[in-house]
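S.K.: A structural model of the following input is requested.
(chains A and B)
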Amino acid sequence: MNNDWMHVMVEKCMHCGACAGTCPENAIYLHEVLVEFNDCCTRCGRCVRLCPVGAITMEAKKK
Amino acid sequence: MKTDYDVIVVGAGPAGSMTAYHAAKKGARVLMIEKRQEIGSSLRCAEGISKKGLDKAGIPIDKKWISAEMKGAKLVSPNGSVFRIDESQAGDEVGLVLERHRFDKYLAERAAKAGAEIRLKTAATCVIKEGNVVKGISGVSFGEPFKLSAGCVVGADGFESQTGRWGGLNTVIKMSDITSCFQYRMTGLKTEPDFCEFVLGSVAPGGYAWVFPKGGDTANVGMGVLASMLKKPGEVKFYIDKWIKKDPRLSCAQPLEAVGAAVSVSPPVEKSIADGLLLVGDAARVIDPITGGGIANGCIQGKFAGEVLGDCAQAKDFSELALKPYEKLWRDELENKLYRNWMAKEKMTTLTDAQLDGVIETLAECDIREMNVYNILAALKVKMPDLVKEFEEFI
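M.R.: Purely as a prediction, here's the structure:
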């Protein structure tokens, strides 16, 4: 169950959980090595900034 | 398979295993679950711990999980000058460098021997509540969904902790209270094999860079940058690679392992308990905000948690009121120091390179016998009172 706008580049992701612990909405869950974003995500962008390797991207909101 | 326990511990890191061990030792029926396939893996840690910290947690030192014993520590200022404390004087904050793969397994072994059950590749995905009372967890084990009931669910699920929030405890922290980290295990280094090194300044904005020896010419070479000071994605790896490239003692080495992580440098959670729910370790935000060290604090908390949960199991009462002694025990032991160091961090992260040079210069003039945060702050209180005036009552 992934939302449509957050993406993780699996080639970069080190599955460290930094994003999950930073999310104020509990919208990110780290399954052992897979990161999942749910619909509670508010596009605040904290995880994008925090990720030590820059593995997370966010699509702009569709108008 | 059993579906009913007194205590279910989510996460088999040091804090979880300590909780499981002490609770099981007092007769509680304990299950500890770990979502990964191996306890102690993968590493997300610089592995430094003080002997005093292990001692306070009541963990007897066993050579099999020690990588290297330190003779001292050194602080490197932005202009490159070094403040070092060695041999006779050194060693409170970072006395030992662990082998976490073994250390975590050792603590889990102790929990198992005391009677705790362990399940791997088993993740919690939600807590089960009746009204406001946590009654168990649902999750997935080797791909199979499950539901388990428990008197108390223990969130020992680290920085990424969600157990607390599922259960209604607030564990959200600000970007200025998080450091984003990257670390290489490197070999072929020309750094000192028995000194932990801390490099301050704009090399790692709002954090520091470290070299924690792992025996021989191998060490954990890492860096933490304050999240609020990050400007673009992936900057931490950019900063560490730049630092390594510039330092000939590091650039000659090769990596054996790379890890990312985030570390909380916040005050502890306002509330670590609720009806049928308790948080320990990183999940309770008890990492030292200055050093970023959290193993000892997590273990100390785990010990208190396990002991209190053991009593709760005997009384068959896991209400918030019954868990209160846990909250009091760990706060009495850790809270003042955590707040003091958080305030010190808030101040230190505002300093320019020139000001940090001044701090290191000042420390070099002081007669500090043992490298620890208290001694450094006490020396600064005398020599640079303005720097610590916002929190001097804690020093």
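
S.K.: make it CA atoms for all contacts and neighbour counts henceforth
M.R.: Will do.

S.K.: Kindly export the helix or strand B:His101 falls within (C-alpha atoms) in CSV.
M.R.: Per DSSP states H and E: B:His101 is located in helix B:100-113. Extracted C-alpha coordinates of helix B:100-113, given in CSV (Å, rounded to 0.1, in the frame of the first residue of the first chain):
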residue,chain,number,x,y,z
ARG,B,100,27.3,-4.6,18.1
HIS,B,101,26.6,-7.7,16.1
ARG,B,102,27.9,-9.7,19.0
PHE,B,103,26.8,-7.4,21.8
ASP,B,104,23.1,-7.4,20.7
LYS,B,105,23.1,-11.2,20.4
TYR,B,106,24.7,-11.6,23.8
LEU,B,107,22.0,-9.5,25.4
ALA,B,108,19.3,-11.4,23.5
GLU,B,109,20.9,-14.7,24.7
ARG,B,110,20.7,-13.5,28.3
ALA,B,111,17.0,-12.8,27.7
ALA,B,112,16.4,-16.2,26.2
LYS,B,113,18.2,-18.0,29.0
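
S.K.: all helices for the chain, in order.
M.R.: Answering for chain A, as no chain was given. Along chain A, counting by DSSP state H, helices occupy A:18-22, A:46-50.

S.K.: Please refer instead to chain B.
M.R.: Going by DSSP H, chain B shows helices at B:14-25, B:51-57, B:100-113, B:163-166, B:235-246, B:248-251, B:295-315, B:320-330, B:336-348, B:353-365, B:373-383, B:385-388.

S.K.: Tell me which of those helices lies nearest to B:Leu279.
M.R.: B:Leu279 sits nearest to helix B:163-166 of all the helices of chain B, at 6.7 Å, using CA to CA.

S.K.: could you say what helices and strands that closest one packs with?
M.R.: strand B:122-130, strand B:144-155, strand B:277-279 (3 or more CA pairs under 8 Å, 6 or more residues apart in numbering or on different chains; DSSP states H and E).

S.K.: Turn these into TSV, including mean neighbour count, distance to B:Gly358 and mean pLDDT.
M.R.: Shown next, in TSV, are the helices and strands packed on helix B:163-166 (neighbours: other CA atoms under 10 Å in any protein chain shown; distance: least, CA to CA, whole Å; pLDDT from 0 to 100):
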stretch	mean neighbour count	distance to B:Gly358	mean pLDDT
strand B:122-130	19	48	97
strand B:144-155	22	42	98
strand B:277-279	30	40	98
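
S.K.: how about those strands in JSON lines, adding distance to B:Ser50?
M.R.: Output for the helices and strands packed on helix B:163-166, formatted as JSON lines (distance: least, CA to CA, whole Å):
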{"stretch": "strand B:122-130", "distance to B:Ser50": "31"}
{"stretch": "strand B:144-155", "distance to B:Ser50": "25"}
{"stretch": "strand B:277-279", "distance to B:Ser50": "23"}
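
S.K.: out of these, which comes closest to B:Gly136?
M.R.: So among those, strand B:144-155 is nearest, using CA to CA, at 4.0 Å.

S.K.: Provide the strand pairings for the closest one, with the direction of each partner.
M.R.: strand B:4-10 (parallel), strand B:133-141 (antiparallel), strand B:277-279 (parallel) (DSSP bridges).

S.K.: Run through chain A and note the low-pLDDT ranges.
M.R.: A:1, A:62-63 (pLDDT under 70).

S.K.: what's the most buried one of the helices of chain B?
M.R.: Of the helices of chain B, the one with the most neighbours on average (mean count of other CA atoms under 10 Å in any protein chain shown) is helix B:14-25, at a mean of 31.

S.K.: Of all the helices of chain A, which one is nearest chain B?
M.R.: Closest approach to chain B among those (CA to the nearest CA): helix A:18-22, 3.5 Å.

S.K.: Spatially nearest residue to A:Val33 (excluding sequence neighbours)?
M.R.: Nearest residue to A:Val33, sequence neighbours excluded (CA to CA, 6 or more residues apart in numbering or on different chains): A:His15, at 5.2 Å.

S.K.: Can you report how many residues neighbour the one you found?
M.R.: Neighbour count for A:His15, taken as other CA atoms under 10 Å in any protein chain shown: 21.

S.K.: Wait, it touches A:Leu30, no?
M.R.: Yes. If you go by CA atoms under 8 Å, A:His15 and A:Leu30 touch, sitting 7.2 Å apart.

S.K.: ok, B:Lys121 to chain A distance?
M.R.: In this view, B:Lys121 and chain A are 8 Å apart by CA to the nearest CA, to the nearest Å.

S.K.: Could you list the domains of chain B?
M.R.: B:4-45+B:102-173+B:268-344, B:69-94+B:175-264 (automatic domain parsing).

S.K.: worst average pLDDT in those domains?
M.R.: Per-stretch mean pLDDT for the domains of chain B is lowest at domain B:69-94+B:175-264 (a mean of 93).

S.K.: For it, measure first residue to last.
M.R.: For domain B:69-94+B:175-264, the separation between the terminal residues is 26 Å (CA to CA, to the nearest Å).

S.K.: so how far is it off the chain centroid?
M.R.: Remark: domain B:69-94+B:175-264 is offset 16 Å from the chain centroid, using CA atoms, centre = their mean, to the nearest Å.

S.K.: is that domain anywhere near chain A?
M.R.: Yes. Contact of domain B:69-94+B:175-264 with chain A (CA under 8 Å from any CA of the partner chain) involves B:175, B:178, B:180-182, B:227, B:230-237, B:259-263.

S.K.: Give me the packing partners of the helix holding B:His101, helices and strands only.
M.R.: helix B:14-25.

S.K.: on contacts alone, who are the packing partners of the helix it packs on?
M.R.: Using 3+ CA pairs under 8 Å, 6+ apart, helix B:14-25 is in contact with strand B:4-10, strand B:30-33, helix B:100-113, helix B:295-315.

S.K.: now that helix against strand B:4-10, angle please.
M.R.: Here the directions of helix B:14-25 and strand B:4-10 differ by 160 degrees (axes from the mean of the first three to the mean of the last three CA atoms, to 10 degrees).

S.K.: Send me helix B:14-25 as PDB with only the CA atoms.
M.R.: This file holds the C-alpha atoms of helix B:14-25, laid out as PDB (Å, rounded to 0.1, in the frame of the first residue of the first chain):
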ATOM      1  CA  PRO B  14      20.000  -3.600  23.600                       C
ATOM      2  CA  ALA B  15      17.000  -1.800  25.300                       C
ATOM      3  CA  GLY B  16      14.600  -4.500  24.200                       C
ATOM      4  CA  SER B  17      16.800  -7.400  25.300                       C
ATOM      5  CA  MET B  18      17.500  -5.800  28.600                       C
ATOM      6  CA  THR B  19      13.700  -5.300  29.200                       C
ATOM      7  CA  ALA B  20      13.000  -8.900  28.100                       C
ATOM      8  CA  TYR B  21      15.800 -10.300  30.300                       C
ATOM      9  CA  HIS B  22      14.800  -8.500  33.500                       C
ATOM     10  CA  ALA B  23      11.100  -9.100  33.000                       C
ATOM     11  CA  ALA B  24      11.600 -12.800  32.300                       C
ATOM     12  CA  LYS B  25      14.000 -13.100  35.300                       C
END
